[in-house]
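1. show me the folded form of this:
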Amino acid sequence: MKKFWQKLTHWELWPFNVIYTPLGVVWIYYAIRARAFWFFTPSNPTLIFAGFEGGSKKEMYDQLPDWSYPTTILVKAGIPEAALRDEIKKAGLQYPIVAKPDTGMQGVLFRVLENNTELMHYHGKLPVDYILQTFVDLPMEFSVFHIRYPGETKGMVTGFILKDYMHVKGDGQSSLEVLVNEHPKAKHRLAEMKQKHGANWASIIPEGEKYFLSYAGNHNRGARFINLHKEIDQRLCDVFDRISNESGSFYFGRYDLKCTSIEDLKEGKNLFLLEFNGAGAEPNHIYDCGMKYSKALKVVAMHWRHLYKIGAINHRKGVPYWGYWKGRKFLRNARKEFERLTKIDLSFT
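-> Numbering: from 1, shown residues only. Just a heads-up that it's a prediction; the model follows:
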């Protein structure tokens, strides 16, 4: 009963669809103005479906500046193990490496692989193309929401957060099971936690030791977000103006990245972009900061206003809106694939 009440009274723990339901009228308003249900599709014209959902990560990496992201390769599903080893050697990838589905999202099937045995196990389990990437061992992971209007070289940063991966801290007496049951987020996903950490479920975690339950920096994967809105300044904006302009047609979205410090990030050094999330990116600075639900809805609606305006500008320049049935089919297939990958993730051993 206590868990249920906590979930009911903390809107950040509600299902995605429930959180966004009141914004349906805002969506319809912009769809009517654009005369297109998928009014966002011209916003990032070089990304399929504007990066809303179901797009290829490799497509995104190919457009980012070469200097901005770690060594990355696309692995085709089912290629022979010998060919996979050759590709890794050619790319110069060294363990540990990150693996994630090319069309995945929300941290599903995200893994940090420590050796060749773990890689081949992952390769054998995945029936889809996936990304292998250098594991960036830097101390801080951030998200920066950046918006730039077509025809302009200067944009704006609307959100800036620091991510804290979901973890428990040992006390030298409690088992992992007990610590998970006491964690404010992990206790709501016990089946998943036991599936992934079953081998250590009864282990006593030493006092002061951090045990990471997930290395995915997603809110729905338990990461905690620390709002850094007071750190947003022109220097930070200049860094992402540069990335946005060099990418060419990335006008609306959220950059997830690792860096050594806030100051280094503002200097544009020691940073590695992990992903760019396009039109479907959440302004995740609404979470974990005590923001009222009503204010969070206003923040999302404000971002959608920019999304509509950018889409309208690009549409006037000749970028077409997707038709309703084309978008619906694409989204339906993307969500079916996401459900399939989620099932694989939950059964992954």
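2. buried set for stretch 19-33?
-> I19, V26, W27, Y30, A31 (16 or more other C-beta atoms under 10 Å). Using the backbone N, CA and C atoms, a C-beta is placed for each residue, glycine as well.
3. give the rounded mean pLDDT of that stretch.
-> For stretch 19-33, mean pLDDT rounds to 96.
4. as a markdown table, the buried residues of stretch 19-33 with distance to G198 and secondary structure would be great.
-> Output for the buried residues of stretch 19-33, formatted as a markdown table (distance: C-beta to C-beta, whole Å; DSSP: H, G, I helix; E, B strand; the rest coil):
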| residue | distance to G198 | secondary structure |
| --- | --- | --- |
| I19 | 31 | helix |
| V26 | 43 | helix |
| W27 | 41 | helix |
| Y30 | 46 | helix |
| A31 | 46 | helix |
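5. ok, of the residues you listed, which one's closest to D288?
-> I19 (13.7 Å; C-beta to C-beta).
6. who's in contact with the residue of the chain most remote from its centre?
-> The C-alpha centroid of the chain is most remote from Q173, which lies 34.6 Å away (C-alpha atoms, centre = their mean). For Q173, the contacting residues are I204, E207, by C-beta atoms under 8 Å, 6 or more residues apart in numbering.
7. check the secondary structure at it for me.
-> Under DSSP: H, G, I helix; E, B strand; the rest coil, Q173 falls in the coil class.
8. how close does it get to L190?
-> Between Q173 and L190 the computed distance is 20 Å (C-beta to C-beta, to the nearest Å).
9. surely K266 forms part of a helix?
-> Yes. Under three-state DSSP, K266 sits within a helix.
10. what's the nearest residue to it if we skip its chain neighbours?
-> R235 (4.2 Å; C-beta to C-beta, 6 or more residues apart in numbering).
11. so that neighbour belongs to a helix, correct?
-> Yes. Under three-state DSSP, R235 falls within a helix.
12. pretty sure it contacts D264?
-> No. Here R235 does not reach D264: they are 11.2 Å apart, not a contact under C-beta atoms under 8 Å.
13. now the residue farthest from the centre of the chain: how far from H306?
-> Applying C-beta to C-beta, the value for Q173 to H306 is 50 Å.
14. and H121, what helix or strand is that in?
-> helix 116-125 (DSSP states H and E).
15. could you report the neighbour count for I161?
-> Applying other C-beta atoms under 10 Å, we find 29 residues neighbouring I161.
16. and it, what does it touch?
-> Contacts of I161 by C-beta under 8 Å, 6+ apart are F142, S143, F225, I226, N227, L228, N284, H285.
17. so what touches the helix or strand containing the third one?
-> The secondary structure element spanning F225 is strand 224-227 (assigned by DSSP H and E). With contacts defined as C-beta under 8 Å, 6+ apart, strand 224-227 is touched by 143, 160-164, 166, 185, 219, 284-285, 287-289.
18. ok, which stretches of the chain are helices?
-> 2-9, 16-20, 24-34, 57-61, 81-91, 116-125, 176-182, 190-197, 234-247, 262-267, 293-316, 324-347 (DSSP state H).
19. where does pLDDT dip in the chain?
-> 1-9, 215-222, 349 (pLDDT under 70).
20. just the buried members of the contacts of I161?
-> Among the contacts of I161, the ones that count as buried (16+ other C-beta under 10 Å) are F142, S143, F225, N227, L228, N284, H285.
21. could I get the contacts of I161 as TSV with distance to V136?
-> Below are the contacts of I161 laid out as TSV (distance: C-beta to C-beta, whole Å):
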residue	distance to V136
F142	12
S143	15
F225	19
I226	19
N227	23
L228	19
N284	19
H285	22
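22. which one of those residues is nearest F276?
-> S143 (10.8 Å).
23. related to what we said a few turns ago, and which of the contacts of I161 is nearest D129?
-> S143 (25.2 Å).
24. and the closest one, what are its bridge partners?
-> I161, D256 (DSSP bridges).
25. how about R111?
-> Using DSSP bridges, the bridge partners assigned to R111 are A99.
26. are any of the contacts of strand 224-227 buried, and which?
-> Neighbour-count burial (16+ other C-beta under 10 Å) applied to those gives S143, F160, I161, L162, K163, M166, K185, H219, N284, H285, Y287, D288.
27. looking at those residues, point me to the pair that's furthest apart.
-> Spanning the widest gap among these are F160 and K185, at 21.8 Å by C-beta to C-beta.
28. ok so, going back, would you turn the contacts of strand 224-227 into a markdown table with distance to L179?
-> As requested, these are exported to a markdown table (distance: C-beta to C-beta, whole Å):
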| residue | distance to L179 |
| --- | --- |
| S143 | 27 |
| F160 | 30 |
| I161 | 25 |
| L162 | 23 |
| K163 | 20 |
| D164 | 16 |
| M166 | 12 |
| K185 | 12 |
| H219 | 21 |
| N284 | 25 |
| H285 | 28 |
| Y287 | 22 |
| D288 | 20 |
| C289 | 25 |
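29. which of these sits closest to M105?
-> Closest to M105, out of all of the contacts of strand 224-227 and judged by C-beta to C-beta, is H219, at 12.2 Å.
30. ok, A99 - contacts?
-> L109, F110, R111, V112, L113, L119, Y122, Y130, I131, L132, Q133.
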